[in-house]
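Q: Quick one, structure for this:
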Amino acid sequence: MKVLRKKPELCIACHACENTCSKLYFKEENPEKACLRINQIDSKSEIITCTQCGGCVDICPVEAIKRDKNGIVRIDKKKCVGCFMCVGFCLELAMFMHDDYIEPYKCVSCGQCVKACPTGAIYLSEE
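A: This next block holds a predicted model:
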């Protein structure tokens, strides 16, 4: 399984990863709609992304969250009822919500953000 990994010390907070992600999934460049987040704390970057731990799978009351054949945790939007329990439960704070959508969303380790990152602060790794 390929998982998105991070090296926050290399992040320059250019937000290219967030813009690429939101454009890919939501057809607009909007960091608030990205499946990963870059936060600046005292001039240091914090990269928030799903580690594919699967904790959200067990918390979903309608079983809308499952691992695919490659081990990636995915949300079935047809089954999701928008309770957002997974958002509150996520230990990584990597399950997101936005007022424009009735269901949560998260990183699926597609790797497009990796291609956009100019410093190698995020990368895909086999787990």
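
Q: Show me where the protein has its strands.
A: Using DSSP state E, the strands of the chain run over 2-6, 37-41, 44-48, 65-67, 73-75, 95-96, 105-106, 122-126.

Q: where exactly do the helices run in the protein?
A: Counting by DSSP state H, the chain has helices at residues 16-26, 55-59, 85-89, 112-116.

Q: got TSV for those helices, with mean pLDDT and mean neighbour count too?
A: Using the backbone N, CA and C atoms, a C-beta is placed for each residue, glycine as well. What follows is the helices of the chain, written out as TSV (pLDDT from 0 to 100; neighbours: other CB atoms under 10 Å):
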stretch	mean pLDDT	mean neighbour count
helix 16-26	96	20
helix 55-59	95	16
helix 85-89	96	17
helix 112-116	97	17
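
Q: Present those as a markdown table; the columns should include distance to K2.
A: Listed next are the helices of the chain as a markdown table, based on distance: least, CB to CB, whole Å:
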| stretch | distance to K2 |
| --- | --- |
| helix 16-26 | 16 |
| helix 55-59 | 18 |
| helix 85-89 | 22 |
| helix 112-116 | 10 |
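
Q: Any idea which of the ones you listed gets closest to L4?
A: Nearest of the helices of the chain to L4, taken as CB to CB: helix 112-116 at 7.3 Å.

Q: name the helices or strands packed onto the closest one?
A: Packed against helix 112-116 by the contact rule (3 or more CB pairs under 8 Å, 6 or more residues apart in numbering; DSSP states H and E) you find helix 16-26, strand 122-126.

Q: most remote residue from the chain's center?
A: The C-alpha centroid of the chain is most remote from D42, which lies 23.0 Å away (CA atoms, centre = their mean).

Q: Please report how far the closest residue to R74 other than its chain neighbours lies from D76.
A: Spatial nearest neighbour of R74, excluding adjacent residues (CB to CB, 6 or more residues apart in numbering): D68 at 5.3 Å. Going from D68 to D76 by CB to CB, to the nearest Å gives 10 Å.
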